[in-house]
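K.L.:
What follows is a predicted protein model with its sequence.
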Amino acid sequence: MTANTLLLIIISFVVLEFIFGKVLDFLNSKSWNNPLPRLVEDLYDKDKYSKAKNYAKDNGNIALLSSVISLATILSILIFNGFGSLDSWINGLTANNILQSLLFFGMLSLGSFILNLPFSLYKTFVIEEKYGFNQTTLKTYILDFFKSLVLGILIGGTILSALTWVYYQLPDSFWWIAWIIMTIVSLFFATFYTTLILPLFNKLEPLEDGSLRTSIESYASKVDFPLTNIFVIDGSKRSSKANAFFSGLGKKKAIVLYDTLMKDNTEEELTAILAHEVGHYKKNHIKQGMILGVIQTGVLFFLFGLLSSSSLLAEALGASSNSFHIALIGFSMLYSPISLMTGIGMNLLSRKNEFEADNFAKETYNGEPLQTGLKNLSVSHLSNLTPHPSYVFVHYSHPPLIARLEALQ
């Protein structure tokens with residue numbers, strides 16, 4: 001295989017992935033014309049459903065424009081040897097391999113930020129504002145950016161530096177050492193995200209004593225779930241949309257309820273939603289997901305180790321010599337079809353797990369308040385109640401509302 005052939009393969013992957021995604025988006029946009037199923041036909045009145053359609057249309061239009069510009073940008077970079085030019089410029093600044101990788105991905109991140117900033121601002125302050133979701137102030141938006149930037153530099157830079165060092169110093173052992181490093185990082189964040197990272201952006205407070213806490217603790221005791229950390233997060237600081245999630249491992253596990261969720265749901269509905277989250281823990285979905293994630297990471301680094309030593313990747317991207325950062329960016333594009341397939345597989349598993357967690361809540365608490373809670377979430381998010389099956393198959397990590405309601409009957 002020649003470098004030009006490899007470049008054509010990479011370009012083909014990029015273009016085919018774009019076309020595949022846009023076809024799915026088109027099919028899903030047309031699904032709004034389907035009649036509402038009986039179980040959910042009372043959720044939207046005419047005006048509310050029209051608002052939901054328009055919200056999806058506005059989001060789809062800005063996503064299409066963003067993706068077209070991104071496609072044009074990446075194709076231009078590939079065709080005109082943009083990665084190779086950037087690599088040559090950085091090589092002229094420093095001979096240090098770690099600094100080269102940091103500068104390379106730092107410049108790509110800066111370019112991506114500049115490219116996506118107008119779309120992010122428009123989505124947050126125009127679309128989300130128009131439909132009554134946005135609660136983010138410009139001050140919060142800017143602070144979020146700088147906090148994310150500092151975390152990215154400190155955490156991402158440290159990880160990238162470690163991987164780069166191992167790649168050059170221990171090339172024969174790179175894939176399994178990198179696997180161990182990323183597994184440790186994943187376990188760390190899975191354990192401490194709620195206690196260390198999330199408080200940098202949001203205020204978390206223990207759920208105050210009262211009938212809701214009593215109901216939750218009574219349920220947790222009934223199913224033998226050692227729950228000591230129940231937090232309320234100020235999600236309304238950024239959006240009126242509601243959510244809840246389970247986080248942490250061991251003694252650090254916690255249930256986090258959005259303040260917006262508590263405002264829009266009864267105590268029974270909130271307890272049922274929490275029972276669903278407990279179901280994920282009881283059914284070992286958390287451990288299962290982590291184990292599969294670790295396996296996927298190992299496979300990814302193993303394949304990268306096989307391909308990264310080839311000079312073809314560097315030549316295809318217009319670089320004068322092979323390097324860790326060039327190999328990594330080239331491999332990420334070659335790996336995209338496999339990533340798409342594994343993503344579909346993980347979504348299939350995730351949807352199965354959601355059904356199991358729903359059923360656990362139904363059997364150990366009550367299915368009716370869970371149904372009304374799920375309906376409230378869908379309506380408050382202006383969700384598509386009749387998504388296209390192909391779009392669901394590829395993109396949905398949770399089953400559509402109608403499927404969950406039918407399973408809970």
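P.N.:
Received it, and whenever you're ready, just let me know what you need.
K.L.:
in stretch 32-45, what's buried?
P.N.:
By neighbour count with 16 or more other Cβ atoms under 10 Å, stretch 32-45 contains the buried residues Trp32, Leu39, Val40, Leu43, Tyr44. (Glycine included, C-beta is placed from N, CA and C.)
K.L.:
any idea how far Thr5 is from Gly132?
P.N.:
52 Å (Cβ to Cβ, to the nearest Å).
K.L.:
Same question for Ile19.
P.N.:
Taken as Cβ to Cβ, the span from Ile19 to Thr5 is 21 Å.
K.L.:
need the helices for the stretch 101-250 of the chain, in chain order.
P.N.:
Here the stretch 101-250 of the chain has its helices, by DSSP state H, counting those that start in this stretch, at 128-130, 138-151, 157-169, 174-192, 211-222.
K.L.:
In contact with the nearest residue to Ser85 once chain neighbours are set aside, which residues?
P.N.:
Excluding the flanking residues, the one nearest Ser85 by Cβ to Cβ, 6 or more residues apart in numbering is Gly318, at 6.9 Å. Each residue near Gly318 by Cβ atoms under 8 Å, 6 or more residues apart in numbering is listed here: Asn81, Gly82, Phe83, Gly84, Ser85.
K.L.:
most remote residue from the protein's center?
P.N.:
Here the chain reaches farthest from its C-alpha mean at Gly92, the gap being 36.2 Å by Cα atoms, centre = their mean.
K.L.:
just checking, what packs against the one helix or strand it maps to?
P.N.:
Gly92 belongs to helix 82-93 when assigned by DSSP states H and E. Packing contacts for helix 82-93, counted by 3 or more Cβ pairs under 8 Å, 6 or more residues apart in numbering; DSSP states H and E, involve helix 97-122, helix 324-334.
K.L.:
Quick one: mean pLDDT over that helix.
P.N.:
If you average the pLDDT over helix 82-93, you get 96.
K.L.:
check contacts around His398.
P.N.:
Residues counted as contacts of His398 (Cβ under 8 Å, 6+ apart) are Ser350, Arg351, Glu354, Arg404.
K.L.:
would you turn these into TSV with pLDDT, neighbour count and secondary structure?
P.N.:
TSV is the format used below for those (pLDDT from 0 to 100; neighbours: other Cβ atoms under 10 Å; DSSP: H, G, I helix; E, B strand; the rest coil):
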residue	pLDDT	neighbour count	secondary structure
Ser350	96	15	helix
Arg351	97	19	helix
Glu354	96	21	helix
Arg404	95	21	helix
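K.L.:
From these, pick the one nearest Ser332.
P.N.:
Using Cβ to Cβ, Ser350 comes nearest to Ser332 of the contacts of His398, at 22.9 Å.
K.L.:
With the flanking residues excluded, which residue is spatially nearest to that closest one?
P.N.:
Nearest non-adjacent residue to Ser350, counting by Cβ to Cβ, 6+ apart: Ser397, 4.3 Å away.
K.L.:
Does that neighbour touch Arg351 like I think?
P.N.:
Yes. If you go by Cβ atoms under 8 Å, Ser397 and Arg351 touch, sitting 7.0 Å apart.
K.L.:
Taking the contacts of His398 together, which two end up most distant?
P.N.:
Using Cβ to Cβ, the contacts of His398 reach their maximum pairwise distance at Ser350 and Arg404, which is 12.9 Å.
K.L.:
what comes up buried for the strand or helix carrying Ser29?
P.N.:
Secondary structure assignment for Ser29, by DSSP H and E: helix 3-30. Using 16+ other Cβ under 10 Å as the test for burial, helix 3-30 gives 6-7, 10-11, 13-14, 17-18, 21, 24-25, 28-29.
K.L.:
how about the next helix or strand after it: buried residues?
P.N.:
Next along the chain after helix 3-30, taking DSSP H and E as the criterion, comes helix 46-79. Of the residues in helix 46-79, those buried by neighbour count under the rule 16+ other Cβ under 10 Å are 49, 51-53, 55-56, 58, 62, 66, 70-71, 74, 77-78.
K.L.:
Take the contacts of His398 and write them to JSON lines, including distance to Phe113.
P.N.:
Formatted as JSON lines, the contacts of His398 follow (distance: Cβ to Cβ, whole Å):
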{"residue": "Ser350", "distance to Phe113": "29"}
{"residue": "Arg351", "distance to Phe113": "33"}
{"residue": "Glu354", "distance to Phe113": "33"}
{"residue": "Arg404", "distance to Phe113": "37"}
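K.L.:
Tell me the one of those nearest Ile255?
P.N.:
Among the contacts of His398, Glu354 lies closest to Ile255 (Cβ to Cβ), at 16.6 Å.
K.L.:
what about the nearest residue to the closest one once chain neighbours are set aside, which helix or strand?
P.N.:
Leaving aside its chain neighbours, Glu354 sits nearest to His398 (5.1 Å; criterion: Cβ to Cβ, 6+ apart). For His398, there is no enclosing helix or strand under DSSP H and E.
K.L.:
For Leu374, see how far away His398 is.
P.N.:
On the measure of Cβ to Cβ, His398 and Leu374 end up 10 Å apart.
K.L.:
Same check on Ala272?
P.N.:
Distance from Ala272 to Leu374, counting by Cβ to Cβ: 9 Å.
K.L.:
Look at those two and report which has more neighbours.
P.N.:
Higher neighbour count among Ala272 and Leu374: Ala272, with 26 against 20, using other Cβ atoms under 10 Å.
K.L.:
what residues does the helix or strand hosting that one touch?
P.N.:
Per DSSP H and E, Ala272 falls inside helix 267-282. Helix 267-282 is contacted from outside by 211-212, 215-216, 219-220, 223, 225, 227, 244-246, 253, 255, 257, 261-262, 265, 285-286, 353, 356-361, 364-367, 369-370, 372-373, 376, using Cβ under 8 Å, 6+ apart.
K.L.:
Fine by me, thanks again.
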